[in-house]
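Student: Model the structure of this input:
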Amino acid sequence: MALFRSTLRLRPPARGAGVLVLWIALGLTRPASAEPEVRILLRTAAPAVTVRGSDVQVAADAEAPVSARRPEVRVQVRGGRLRLAGVAGVEGAERVVLTSAEPLVVGGTPYLGRIEVVAEGEGLTVLNRLPVETYLLGIVGSEMPASWPVEALKAQAVAARTYALQRRLRRRAAGHAWDLTDSVLSQVYRGAESISPSVIEAVRATRGVVLTFAHEPAEALFHSTCGGHTLPSEQVFGGALPYLAKRPCRWCRDSTRFRWSVDLNHEEVGALLERAGLARGFRKLERAGEEADVIVHDRRGRHAVDPERLRAVVGAARLFSTRFEVARRGRGLRLDGAGYGHRVGLCQWGARGMAEEGRSYREILGYYYEGAPLKRAY
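Tutor: Residues are numbered from 1 along each chain as shown. You can find the predicted model right below:
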């Protein structure tokens, strides 16, 4: 659900100030015995993976490390079994865990915690396993600029923690091998790239605090910009939740996506709709209002298309939200819209505006998730 990145970038595994920030962060979020661990999916069906670090060690399954410390380990799969060049004691393993005293680097990204590699047929599944609070250090600065007011960052930390624990609970109950992805399908996670002092402060100050509903973690959805009001969950996702209701919002006006316009090529839109099976012989697109169904005209006549489906077809990076009007401009289409994202739950730019007015993170969360009280999970 991320739409922003922090400007702080660490270059692992070099020693120095960057690594020092990481270890200060770890010290501030040292897990208590009750703090859960999360499993983040980094790769799936990968032919091979290289894990780098100054002192990488390898363990088969849950055993103690069996390898000497080394700067790099390459893992491949053959016949459903893992092969690690130059590493003895793990022959024929289906799962290995890699650890280090410093961040482990996969694909140029540094990760705290452990890296787990599992053989899945002739491909590899790569996971990052780490405590929830440590995971949040890599989430908050990816989801919201670290330069924003700390009360907004605290609100983001609580929402992200709640979302992670809620997904973890559901995924493990269903027997899945991982809890969250590192993409917008869950929360954008770039490991230890976006850690900063303000992010550390926000995570530490809200440690263990979650939004709750019916004695469980709430569905803490969030987005960039609502454009004037959030949407009820049932309008977007089909299920009604009382704490994800329509809320007026006057605080996100500074967002560049509060109001927007985009020009689309008529032929390109037609090709996209036909490829998705939403039109045959596309003629035109119209909409009676910014909250109405989109009407597609083709050689079969006219039929309604759900705005969320149209956004998915055109691309969320081009069609910023489902709140837009359609106008014909010569051989093209002009879409005038408002907001960025699904517009359910916390409005991130709204949280920024509320924090700048002096509102606390508790007030911010109480407004966007009214009816989901804050409680300490651990």
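Student: List the residue ranges of the protein that fall below the pLDDT cut-off.
Tutor: 1-33, 61-68 (pLDDT under 70).
Student: all helices of it, in order?
Tutor: Ranges of helices within the chain are 17-28, 132-143, 150-173, 197-205, 233-237, 266-275, 307-314, 348-356, 361-368, based on DSSP state H.
Student: Of these, flag the one that's most buried.
Tutor: Of all these, helix 132-143 has the most neighbours on average by mean count of other Cβ atoms under 10 Å, namely a mean of 28. Quick note: C-beta positions are derived from backbone N, CA and C, even for glycine.
Student: That one to helix 197-205, inter-axis angle?
Tutor: Angle, helix 132-143 to helix 197-205, by axes from the mean of the first three to the mean of the last three Cα atoms, to 10 degrees: 140 degrees.
Student: Can I get helix 132-143 as PDB, trimmed to CA atoms?
Tutor: The C-alpha trace of helix 132-143 is given here as PDB (Å, rounded to 0.1, in the frame of the first residue of the first chain):
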ATOM      1  CA  VAL A 132       7.300  -7.400  14.100                       C
ATOM      2  CA  GLU A 133       8.900  -4.200  15.500                       C
ATOM      3  CA  THR A 134      12.000  -4.700  13.500                       C
ATOM      4  CA  TYR A 135       9.900  -5.300  10.400                       C
ATOM      5  CA  LEU A 136       8.100  -2.000  11.000                       C
ATOM      6  CA  LEU A 137      11.400  -0.100  10.900                       C
ATOM      7  CA  GLY A 138      11.500  -1.100   7.200                       C
ATOM      8  CA  ILE A 139       7.800  -0.300   6.600                       C
ATOM      9  CA  VAL A 140       7.000   3.100   8.000                       C
ATOM     10  CA  GLY A 141       9.600   5.000   6.000                       C
ATOM     11  CA  SER A 142       8.600   3.300   2.800                       C
ATOM     12  CA  GLU A 143       4.900   4.100   3.400                       C
END
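Student: Show me what it is packed up against.
Tutor: helix 17-28, strand 37-46, helix 150-173, helix 197-205 (3 or more Cβ pairs under 8 Å, 6 or more residues apart in numbering; DSSP states H and E).
Student: roughly how far out does it sit from the chain middle?
Tutor: 10 Å (Cα atoms, centre = their mean, to the nearest Å).
Student: which residues touch stretch 38-45?
Tutor: 49, 106-107, 111, 115-116, 120, 123-132, 135, 164, 168, 177-182, 189 (Cβ atoms under 8 Å, 6 or more residues apart in numbering).
Student: picking up where we left off before, quick one: closest of the helices of the chain to T225.
Tutor: helix 348-356 (4.8 Å; Cβ to Cβ).
Student: For the closest residue in space to L124 that isn't next to it in sequence, which residues are in contact?
Tutor: Distance criterion Cβ to Cβ, 6 or more residues apart in numbering; nearest residue to L124, sequence neighbours excluded, is A46 at 4.4 Å. Taking Cβ under 8 Å, 6+ apart, we find A46 in contact with G123, L124, T125, V126.
Student: quick one: the closest residue to L374 other than its chain neighbours from A351, how far?
Tutor: Of all residues not flanking L374 in the chain, V209 sits nearest, at 5.6 Å (Cβ to Cβ, 6+ apart). V209 sits 15 Å away from A351, going by Cβ to Cβ, to the nearest Å.
Student: same deal with R329?
Tutor: To A351, R329 is 35 Å away according to Cβ to Cβ.
Student: Also V106?
Tutor: Applying Cβ to Cβ to V106 and A351 gives a distance of 31 Å.
Student: which outside residues touch the lengthiest strand in the chain?
Tutor: As assigned by DSSP state E, the longest strand anywhere in the chain is strand 48-60. Outside strand 48-60, the residues that touch it by Cβ under 8 Å, 6+ apart are 12-13, 15, 43, 65-77, 84, 87, 89-90, 93, 95-106, 115, 117, 124, 126.
Student: Restricted to strands, list these.
Tutor: The strands, defined by DSSP E, take in 43, 70-77, 84, 95-99, 104-106, 115, 117, 124, 126 from the contacts of strand 48-60.
Student: got a list of contacts for stretch 311-327?
Tutor: Outside stretch 311-327, the residues that reach it (Cβ under 8 Å, 6+ apart) are 225, 227, 236, 257, 260, 262, 264, 269, 272-273, 276, 278, 285-287, 289-291, 294, 307-308, 310, 333-343.
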